[in-house]
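Trainee: Need coordinates for the following:
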Amino acid sequence: MGPSTVAEVVERLQAIEASASASDGVVCFARLYREVTESVAAELAGRRPGDPRFVERLDVRFAGLFFAAADAYAHDPASAPRAWVPLFEARSRRGIAPLQFALAGMNAHINRDLPVALVDTCAELGLRLDDESVQHADYEGVNSLLGEVERRLKPSYLGGWLAAVDRVVHRFHRVDDVVAMWDVARARDAAWTNGRALWALQDDHPLANAFVLTLDRTVGLAGRGLLLPADTLLGRLARAVTRA
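Mentor: Okay, the predicted model is just below:
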């Protein structure tokens with residue numbers, strides 16, 4: 001059963017964080033997701049949205065899709081959305097930086113799940129997915145908050161002496177490339193557009209399902225790119241020293 005409040009979303013994310021080591025890929029994403037959720041909730045408390053009910057229901061429905069994907073993969077990997085499979089498959093793989101795991105989760109969640117959550121939320125509340133709506137203004141307000149939160153949190157996924165030395169020694173750094181590829185505001189803008197397209201297809205169920213399936217597969221392909229190992233000679237050397 002999915003969460004019904006933002007507080008329950010945070011509790012479920014904390015449970016995922018406690019379920020495996022800090023280096024686990026899904027834990028890396030859950031930590032970022034929880035920190036972002038808590039930070040945005042704190043910011044929103046000081047600036048009341050135009051439609052608070054929409055903002056909370058969207059948060060809850062959105063999170064529920066991640067939890068459902070994780071549960072599906074745990075019980076039957078073939079039943080999980082394709083967008084999420086790269087992260088779940090690679091969660092224990094060495095050579096992938098924590099930030100890569102976190103961004104791969106954001107890729108799946110925003111690019112695949114958010115359009116679905118937008119349509120489901122508007123249908124539940126009897127709203128229209130409209131660019132001129134109060135709900136769109138609230139959505140864009142959250143975009144700006146997320147950009148601030150993301151910039152604040154990213155450095156915590158790139159810390160450590162090894163990362164600092166690696167940047168100096170290597171002219172091209174895989175993690176830097178991954179960071180440059182990702183922009184949360186642009187991803188959410190695209191999700192809104194895809195949500196509107198999906199909304200327009202509501203009366204054509206086969207086409208709507210095909211749209212989501214195509215989106216799912218495309219996002220999954222991007223996720224595999226985000227999770228290409230960031231390993232470097234220094235990284236391998238550090239692990240060799242640790243093992244020795």
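Trainee: Out of the helices and strands in this structure, which is least certain?
Mentor: In the chain, no helix or strand scores lower on mean pLDDT, DSSP states H and E than helix 161-169, which sits at a mean of 45.
Trainee: pull the CA atoms of the longest helix seen in the chain into CSV?
Mentor: For the chain, the longest helix by residue count, based on DSSP state H, is helix 52-75. What follows is helix 52-75, C-alpha atoms only, in CSV (Å, rounded to 0.1, in the frame of the first residue of the first chain):
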residue,chain,number,x,y,z
PRO,A,52,-1.7,23.0,-1.3
ARG,A,53,-3.9,20.0,-1.8
PHE,A,54,-2.5,19.5,-5.4
VAL,A,55,1.1,19.9,-4.2
GLU,A,56,0.8,17.3,-1.4
ARG,A,57,-1.2,14.8,-3.5
LEU,A,58,1.3,15.1,-6.3
ASP,A,59,4.2,14.5,-3.9
VAL,A,60,2.5,11.4,-2.5
ARG,A,61,1.4,9.9,-5.8
PHE,A,62,4.8,10.6,-7.3
ALA,A,63,6.7,8.9,-4.4
GLY,A,64,4.2,6.0,-4.6
LEU,A,65,5.4,5.2,-8.1
PHE,A,66,9.0,4.8,-6.9
PHE,A,67,8.0,2.5,-4.0
ALA,A,68,5.8,0.5,-6.4
ALA,A,69,8.7,0.0,-8.8
ALA,A,70,11.0,-1.1,-6.0
ASP,A,71,8.5,-3.6,-4.7
ALA,A,72,7.8,-4.9,-8.2
TYR,A,73,11.5,-5.5,-8.9
ALA,A,74,11.9,-7.2,-5.5
HIS,A,75,9.1,-9.7,-6.3
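Trainee: How about residues contacting it?
Mentor: Here helix 52-75 makes contact (C-beta atoms under 8 Å, 6 or more residues apart in numbering) with 2-6, 8-9, 12-13, 16, 26, 33, 37, 44, 49, 79-81, 83-85, 88, 105, 108-109, 113-114, 116-118, 120-121, 124-125, 127, 134-135, 138-139, 142. Placement of C-beta: from N, CA and C, glycine included.
Trainee: 6 Å - rerun?
Mentor: Here helix 52-75 makes contact (C-beta atoms under 6 Å, 6 or more residues apart in numbering) with 2-3, 6, 9, 49, 79-81, 84, 88, 109, 113, 117, 120-121, 135, 138.
Trainee: Can you point out the buried residues in it?
Mentor: Buried residues in helix 52-75, defined by neighbour count with 16 or more other C-beta atoms under 10 Å: 54-67, 69-70, 72-73.
Trainee: One more: stretch 126-137?
Mentor: Under the neighbour-count criterion of 16+ other C-beta under 10 Å, stretch 126-137 has 127, 129, 133, 135-136 buried.
Trainee: Over to stretch 14-26?
Mentor: Going by neighbour count (16+ other C-beta under 10 Å), the buried part of stretch 14-26 is 16-17, 24-26.
Trainee: Residues touching that stretch, excluding its own?
Mentor: Residues outside stretch 14-26 that contact it (C-beta under 6 Å, 6+ apart): 27, 30-31, 87, 90-91, 101.
Trainee: if we go to 10 Å?
Mentor: With contacts defined as C-beta atoms under 10 Å, 6 or more residues apart in numbering, stretch 14-26 is touched by 27-31, 33-34, 66-67, 70, 73, 84, 86-94, 96-98, 100-102, 104-105, 227.
Trainee: gap between the helix or strand harbouring T37 and the chain center?
Mentor: For T37, the element it lies in under DSSP states H and E is helix 25-45. Relative to the chain's own centre, helix 25-45 is displaced by 10 Å; criterion: C-alpha atoms, centre = their mean, to the nearest Å.
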